Structures are given as C-alpha cells and as structure tokens.
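[1] sequence and predicted structure, then a few things I'm wondering about:
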2 protein chains.
Amino acid sequence: MLKAVEEIQEALGEDAVSMDETDLESHAYSEWSTSNAETAPIAVVRPLSTEQVSVIAKICTKYRVPMVPYGAGSSVEGNFSAPYSGICIDLSAMDKIVAFHPEDMDVVVQPGVSWVALNEKIKDTGLFLPLDPSPTATIGGMVSTNCSGTNAMRYGTMKDYVLSMTVVLADGSVIRTRHRPRKTSAGYNLNSIFTGSEGTLGIITEVTVKLAVLPTNFGAATATFPTVKHAALAASQMIRKGAPLAALELMDEVQMRVINMNGGTGGKSWAELPTLFIKFSGSEHTINDGIESAQEAARQYQCQGFEFANTDAEIQSLWSARKEALWSCLAVRPEGTEIWSTDVAVPISKMADLIDQSKARAGKLGLFNTVLGHVGDGNFHQAIMYNPAKEDEKKAVEECVEAMMQQALVFEGTVSQECLVKELGPATIGVMKALKETLDPQSVKLGAYNLIT
Amino acid sequence: MLKAVEEIQEALGEDAVSMDETDLESHAYSEWSTSNAETAPIAVVRPLSTEQVSVIAKICTKYRVPMVPYGAGSSVEGNFSAPYSGICIDLSAMDKIVAFHPEDMDVVVQPGVSWVALNEKIKDTGLFLPLDPSPTATIGGMVSTNCSGTNAMRYGTMKDYVLSMTVVLADGSVIRTRHRPRKTSAGYNLNSIFTGSEGTLGIITEVTVKLAVLPTNFGAATATFPTVKHAALAASQMIRKGAPLAALELMDEVQMRVINMNGGTGGKSWAELPTLFIKFSGSEHTINDGIESAQEAARQYQCQGFEFANTDAEIQSLWSARKEALWSCLAVRPEGTEIWSTDVAVPISKMADLIDQSKARAGKLGLFNTVLGHVGDGNFHQAIMYNPAKEDEKKAVEECVEAMMQQALVFEGTVSQECLVKELGPATIGVMKALKETLDPQSVKLGAYNLIT
C-alpha cells in the first residue's frame, strides 16, 4: 500500500496526498453513519481532474490497493467507510461547474460541486437541481448513492436527473456514458448502472445533470391525526386522488415530542400527535388545489388540526420541524446512547401496518424510538435509541430490526444491503456479482464495501 | 436448428410451435420497420409461462440456436427481426394480469398484456399506465424498447414505470430484479439494464409496473408559426417557463400538407404551417394555467393562430392530426416509394437548427420529407420518401441521413445504433459489450441484433 501512496505522490505532487491522522479518521468515521468500519484508509488523495483519478486507479490496480471514492461524507449508510483500508479518493477539490446550458436546462459539473452552491449560483435563470439531500452533499455523492430527499415525491430521485457521466473504471480506463440529449434509448443504459452503485463499479469524475424549472410559488401545511395509521391512510388518499403535492412526510408522536423536548422550533411548541408535513409548489392555482385536496383527504381520517402557510417565513417555520428531525434526535439522546436508524420501503398500502407493528415491538421492549416517513414512496426510517454498552438493550434493538426486516420482506418490500440475498435470491445476486466482476475484473476492491454482499 | 424445434415441441406440445410460412414471415417483416432483415425465423414458439420460456431458452442454448423475443411487432426499428434466423419467441399468449394492487398503484402483468386493454380494464379505479406508444403494443415490448410516446413529456418513458420484472436469461435461468416497493437503491439497478435492452440481455416474462392517477380534465391546443424555428423556440419558451403541459409535439408545414392531402381530419382542413400540438391535463385551474402560459409563449414567436379545445370531442378532433401523422404519410406516398424514418435527439436548443438544416438538405436534393418532433425532449423524426429502385434517390437519401447524423453528433446528440461507436467511442462500447457477454456468456444470439454493434 505504501508503495502505491508513494507513486501517487510522485505523479500528483505532495500536496495531493495526506496521511494526517485526523484527516484519515474524518474520512473513515461519522457520528451519523449506521455502518462505520473499524479500519481507516492509509491515505487521503485529492485529485483535481479525471486524468488524475485515472492515474490513481492505475496505480491502485497495479498494487491491488482498495480505493474508496469520497464525496462529502454526509451519507448515513457508511458508503465512504474503508473496511479494507486502502486509499480514500476525496473528490471534493473537483468542484468546478464545467458548462452551464440554461437553454438546454442542463449543467455539466465535477463531482465535488455542492448542490446548494449550484442552486444558489443559477437561481436567477429560474432553474434548479430539485433533489434535497443533506445540505453538505456534493453531486458526485448524490449520484453514487442515487440520493433522494423530501422532494422525491414530486421530482423523483437522482437517477432521473443524470444525463451523462464520465467514469473512471477500476483499471483506470475512462468512459463517457452518453451524449447530452434529454432522451435516448440507444445502447445499454450505463447511467443507471453507475448511479446508485456507491462507487463500487467506477469513480464518477464528471456529470451532466438535468435541471428543473424553479417554481415561483410555494406553500406548506401540517395535519395531525390520532394514530400513525390514520395519518398514513390520509397520505395514501392524497396520492390516490392525484393531489398536486411537492412533498409529503410523516413524523410520529414521539418524533414530535423530541422536537418539543429540544425547545420546539422558533419558539413554537407542536402538538404531540402523528403529523403529516406537506409541501406545495407551482402556480397559485395549483397550490390552492393542492391545499384543498389535502385538507379534504385529511378530514376523512379524523384530522385533528390542519395548518397551512404561504408566506416564506411561515413556510420556513412550518417546515422547520421536519428539517430538524435528525438533529433533534441526536441532541436529546442520553449520554452513551446510539441511534440505530433503519431504512425500509414497502408497497404504500403496507406502510401503516409495518410502522404500527415496529413501534409496538420497540415499545414493548422498552426502547425509545421515533418514526419518520417519506409516505409518498412507502419509505420510512425508524430510529431506535440504545446503549451499546448494555448487552440487553443491544440484543433488544437487534431483535426489533430483524423482525421489522422479516416483515418488510413478507410485505414485498426492500430493506438494506444486509438482507439483499434474502430479498432477491441467489440467482439475482449472481447477476449483480457478475456485473461487478465485469467492471472490476481484477477485483481491486473499489468502493466502501461490496454493495451486493 | 430443427432439433431444437423438435425438442421444444416435445416439451411444450405441438400447438405451441408454428412453422407456417405466413406466420414466419409476419414475425420477420413489417411495412413500418426501418430495418427489416432478409431472413426469417424457422419457427415461432408461443409459450404460456415463465417456466416454458426457460425451457425454450435452455434448449436453444444447448443447440446454439438464436432466439428473438417478439411482442406485438409494432416497433419501427426492427427490434423483432431475425437476422440470424433461429426461433422467434412470441409472448403474445402470455396476456394475463397477474395481480392488480390499486391501493399500491401498481399492477403485475405478463408481457403480452396490451396497454390499451389494461387501461380500459382499470379505468374505474382512476389509475392508468400513462405511456402512449402504438395502440397495438404490449407491455413486454414497451419495456424491452423503453418506449416513449406523446405523453413522455409529462410522464417520462417506460423505464420510469418498471418496479420489478422476472427475466429469463439466455441460459434459461430465471431472475426477479427486485420486490414491489416504489423506491429502492439496494443493489445494482437491474431493472434499468433490462429495460430498453431490446431482448438482447434476457426475455421479460413478468413485469410489475407503476400506475399514475388518471387526470379528470383534459385540454388541447394547436399553435401555428411562420417557420419551424419559431415553433421550436416557442416550445422551448413554454418548457423554460414551467408551463404545466401534458404533451408538446411539432409537425412541419409539409406534414400538415400531407394531412390535408389525405382529406384532413374529420372534414377539417389545416393551415399548412409549422404547428405545435399541445395537450393539457389536471384540474381545471391547471389546464387554464397551461393554456395561458402556452399562448403567451406562442405570441412571443409570431404565432399565426392559436386554437384550443376542452370538450372531449373537440380535443379528439384537434389531436387527431397528430395521431394520424404516420398513417397519412404511408397513405399518400407514391407507388414504389419507401419511407426512411430517422430518430434523433439533441439538446433542446439545437433542435430547431438541426431540423432547419435537415429540411434544407433534403429539399435541395429534391426529396419529399416531413418532420415530426417531440419538442419537449429535443427528439424528432424526419421521414424521407424515396424510391429504392432509383439509385440516385437512394444515394440522396443516404447522404441526407448521414449528414444529419454527423451534425447531431456535433450537437452532442444521440442517433441510432448504427452510429453508436462514433457517438460514444470504443471504451464505452467495450463496457456495453462486456455486459452483453456477462449475461450471455455462451454467446447464444439473443435478441434481434446486437444492440451495441
């Protein structure tokens, strides 16, 4: 490994390589990641161009050194951890906007460009990249993880915005997936193979992303319900009626209590009831249509209170509780406690039952837990607090998570990587493995871990 | 090959296999396909289940017999031709709706299910599959070709509706790509590898497709312009302003003349000017917003006439010219003439120029040609009529097509398979070939032709 580091230093210059302890640690571990590895990379390399990434890959392949591409480190799923050590390729210095084509509604960027900075820069053109992950995320990482966020309901996920990319393969060869038109079916869909592959199939060094038209008007609403089931059913009804919503999120009564425990938001104290957070955007008419149909659906399921906002400040205030959810959980947990955060998606009609069962199970075992759901997609997170030093708590949380995953599979849902074989069966996993081998024939360990094992 | 046919007959029964001449021919050739092969399959097999398809694949692999999956034969790009002969696997008898989940907004179907029949059957639930290809198309073929249609602007293409599929690989093994939730990022995105791969990577035997909410109100409008450039610029403006449109299509003045030559539509004679065809759907407010912003954008580019319709009958009548375009071209062409239909997509801002240049070139060479564009995507078709018996006409049309493709590549666009190497370069094609080899390691010829060569 050290030989590879030396060779990279020679090729890219001393400044491109860091072996500083703090640097290594910060690239291997995060407080919010659910799967931190015990190991760390031996060096962090900061390339400035596709060519430099290609040089790094060639050297790593030559010495069989694992490579882990690194974006902003904001992922909650350990996509940047280094379980086999090796070299961390930090792409944050590749942060140039290469070309902006407002007339084609697309932009070509290096992977280190922040989506927040991009949107700020182009806002006067009336365009934006409508994903909404962590505010620190960079576009390379967003593509690698096929990121989502509260805007996914209206705008889809990152895969729907990738027009083309430049990828450095494990052996250092460079490919461009396609040209820049908005539609194509020629050849195989390489964009979608690399998007979401978490750096295990190649290193993304340039992306052309589609942009959307920035809405001119926004609105927000919250609706409270007696039970999570009522809230989930109301959400389904809104979707089935085709209400023009921009986002639809659910927080359970415990999550709302946590927000209050944390001082509320801007002085506001919230009703501690299962709550739907709804966003609207578009013309004034569209927003009014949306509010009307959302309210009508909410009424059918014993809505306890429906509040809406249409000035920027009011919207900000109403939506802030949703934005603060993760941080308020981190803030209120007792000393020594960790959060086990799950990520499960099931067909929409099964979500309320699965949340109900999961909450009941954790409650019975005495575990403090909160639920936050992207109800528009049938996707939710249950965050369970536990003290890893206490064997019984650790066992209880494992029991909860295992039971939830089993039930999610019964409901034809999808869980995390760990259960992928159970979910899809060995034949399908075999195809995924074959793809990995095809693109990494020398089996250099590329990516934090093998996505499919 | 005959041995394979015999074995299939033994396994599936006599009735499943046809060697009837007319049957073979109708599965190898169509009047509307631009790339008919000289050869035909030696047998057409009609399986009834995934298991039967697997048996066929195993036998074909054993005897190294090419296999060509066949849907409805409505493709204009020869996806079902049999250039290496072999066995045609006609999936039209697998036409069952396996499971309908209105509460999850999805449906599980066999590949032979017609999208028109499906939508008719489920319309009372307020859901529909919003693609809009040929009315005869079946869902298996729609997935295999990643079909599009006039609704693509609002609803996307087929790839955006595939939740999961069962695929029989070349060697007969069966995989299911994933479970049924609406969102997932676990593992590699196999759905998108098989979608659009035109049967060259596997045979789709079951698909779970997402459904959309059927709008309750519709509207349609047409706008005429002095030149194609004005029409294309107005279209861009509508898109850039975020006008809520359901479809946005362009037909040039020649195409409009062809409609009139063919008797107009329902007695209506059309202005022979470049015309935008616009569809609206949603709430009444959304439709009014759409019409207003479309009209405003049209005005800025010397719109000559703007008509709109909001009763079903009026919409039908206004939209019928667009629907009739292909058939009216076929109807008016002189005896002995064929139509060379191209399919090109470029970044939106380049479309007007490319259409202008392509029309001028064909005109100068004395070729009758029409243009029809999906302007929302920068995708258009130029149909050039020529007599293949006349060497000079054949040469002229080849010259036109070649020049247009070259220019499309300069504009960073995408053309057809033929030019894929020029478009993407050998490294990218190498990755596509490696994928093909991975999924078809014994290199049985699966699919009409190799998509990537």
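    Thanks, I have it.
[2] I figured A:Thr376 hits A:Ala247, correct?
    Careful, residue A:376 is Gly and not Thr. Yes: counting by Cβ atoms under 8 Å, A:Gly376 touches A:Ala247, with 7.3 Å between them. (Each C-beta comes from the backbone N, C-alpha and C, glycine too.)
[3] identify the contacts common to those two.
    Here A:Gly376 and A:Ala247 share the contacting residues A:Met153, scored by Cβ atoms under 8 Å, 6 or more residues apart in numbering or on different chains.
[4] and the most centrally placed residue in chain A, what does it touch?
    Central residue of chain A (Cα atoms, centre = their mean): A:Cys147, 4.2 Å from the mean position. By Cβ under 8 Å, 6+ apart, the contact set of A:Cys147 is A:Leu131, A:Pro133, A:Ala137, A:Gly141, A:Thr157, A:Met158.
[5] chain B next: which of those are close?
    Filtering these for proximity to chain B by Cβ under 8 Å from any Cβ of the partner chain leaves A:Thr157.
[6] highest neighbour count among the contacts of A:Cys147?
    When neighbours are counted by other Cβ atoms under 10 Å in any protein chain shown, A:Gly141 leads the contacts of A:Cys147 with 30 neighbours.
[7] okay, and that one sits in which element?
    helix A:139-144 (DSSP states H and E).
[8] tabulate the CA atom coordinates of that helix in CSV.
    What follows is helix A:139-144, C-alpha atoms only, in CSV (Å, rounded to 0.1, in the frame of the first residue of the first chain):
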residue,chain,number,x,y,z
ILE,A,139,-23.3,15.9,-6.7
GLY,A,140,-20.9,13.0,-7.2
GLY,A,141,-22.0,11.5,-3.9
MET,A,142,-25.7,12.2,-4.8
VAL,A,143,-25.3,10.3,-8.0
SER,A,144,-23.3,7.4,-6.4
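[9] buried residues, the helix or strand of chain A with the lowest mean pLDDT. List them.
    Across the helices and strands of chain A, mean pLDDT, DSSP states H and E gives its lowest value to helix A:420-424, namely a mean of 80. For helix A:420-424, the buried set under the neighbour-count rule, 16 or more other Cβ atoms under 10 Å in any protein chain shown, comprises A:Leu420, A:Glu423, A:Leu424.
[10] wait, doesn't A:Thr177 sit right on A:Asn191?
    Yes: with contacts counted by Cβ under 8 Å, A:Thr177 reaches A:Asn191, the gap being 5.0 Å.
[11] what's the overlap in contacts for the two?
    With Cβ under 8 Å, 6+ apart, A:Thr177 and A:Asn191 have common neighbours A:Ser164, A:Met165.
[12] which one of these two is surrounded by more residues?
    Neighbours were counted for A:Thr177 and for A:Asn191 using other Cβ under 10 Å; A:Thr177 has more, 27 against 21.
[13] contacting residues for that one?
    Counted by Cβ under 8 Å, 6+ apart, A:Thr177 has contacts A:Ser164, A:Met165, A:Thr166, A:Val167, A:Leu190, A:Asn191, A:Phe194, B:Leu424, B:Thr428.
[14] switch the cut-off to 10 Å
    Contacts for A:Thr177 were tallied using Cβ atoms under 10 Å, 6 or more residues apart in numbering or on different chains; they are A:162-167, A:187-195, A:202, A:204, A:207-208, B:424, B:428, B:431-432.
[15] per-residue confidence for it?
    The model reports A:Thr177 with a pLDDT of 91.
[16] what's the answer for A:Ala271, then?
    For A:Ala271, the pLDDT comes out at 95.
[17] count of neighbours near it?
    Neighbour count for A:Ala271, taken as other Cβ under 10 Å: 14.
[18] over to A:Ser349?
    Using other Cβ under 10 Å: A:Ser349 sits among 18 other residues.
[19] am I right that it is in contact with A:Ala232?
    Yes: using Cβ atoms under 10 Å, A:Ser349 is in contact with A:Ala232, at 9.2 Å.
[20] and for those two, which residues touch both?
    Going by Cβ under 10 Å, 6+ apart, residues that sit against A:Ser349 and also against A:Ala232 are A:Gly378.
[21] which one of the buried residues of helix A:420-424 is nearest A:Val410?
    For the buried residues of helix A:420-424, the closest approach to A:Val410 (Cβ to Cβ) belongs to A:Glu423, at 11.1 Å.
[22] show me the contacts for that closest one.
    Here A:Glu423 is in contact with A:405, A:408-409, A:412-417, A:429, B:176, B:178-179, B:184, B:186-187 (Cβ under 10 Å, 6+ apart).
[23] 8 Å - rerun?
    A:Leu409, A:Thr414, A:Val415, B:Arg178, B:His179, B:Ala186.
[24] which strands or helices does the helix or strand the first one falls within pack on?
    The reference is to A:Leu409. According to DSSP H and E, A:Leu409 maps onto helix A:391-410. Secondary-structure packing of helix A:391-410 (3 or more Cβ pairs under 8 Å, 6 or more residues apart in numbering or on different chains; DSSP states H and E): strand A:344-345, helix A:351-364, strand A:379-386.
[25] change it to 6 Å
    helix A:351-364, strand A:379-386 (3 or more Cβ pairs under 6 Å, 6 or more residues apart in numbering or on different chains; DSSP states H and E).
[26] re the thing from before, and the contacts of A:Glu423, which of them are in helices?
    Residues of the contacts of A:Glu423 located in helices (DSSP state H): A:Leu409.
[27] tell me how many other residues surround A:Met261.
    12.
[28] ok, it - contacts?
    A:Val332 (Cβ atoms under 6 Å, 6 or more residues apart in numbering or on different chains).
[29] low-confidence regions, the stretch 101-250 of chain A specifically.
    A:185 (pLDDT under 70).
[30] could you rerun that using 80?
    A:180-186 (pLDDT under 80).
[31] which parts of it are strands?
    A:106-109, A:127-128, A:162-168, A:174-176, A:203-210, A:212-213, A:217-224, A:247-251 (DSSP state E, counting those that start in this stretch).
[32] sorry, back to before: can you flag the buried ones in the contacts of A:Thr177?
    Among the contacts of A:Thr177, the ones that count as buried (16+ other Cβ under 10 Å) are A:162-167, A:187-195, A:202, A:204, A:207-208, B:424, B:428, B:431-432.
[33] test my guess that A:Ala408 contacts A:Lys422.
    No: in this structure, A:Ala408 is not within contact of A:Lys422 by Cβ atoms under 6 Å, at 10.4 Å.
[34] one step back: can I get the least confident helix or strand of chain A in PDB, CA atoms only?
    Extracted in PDB, the C-alpha atoms of helix A:420-424 (Å, rounded to 0.1, in the frame of the first residue of the first chain):
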ATOM      1  CA  LEU A 420     -30.400  -8.500  -0.100                       C
ATOM      2  CA  VAL A 421     -29.800 -12.200  -0.700                       C
ATOM      3  CA  LYS A 422     -33.000 -13.000   1.300                       C
ATOM      4  CA  GLU A 423     -34.900 -10.300  -0.600                       C
ATOM      5  CA  LEU A 424     -33.800 -11.200  -4.100                       C
END
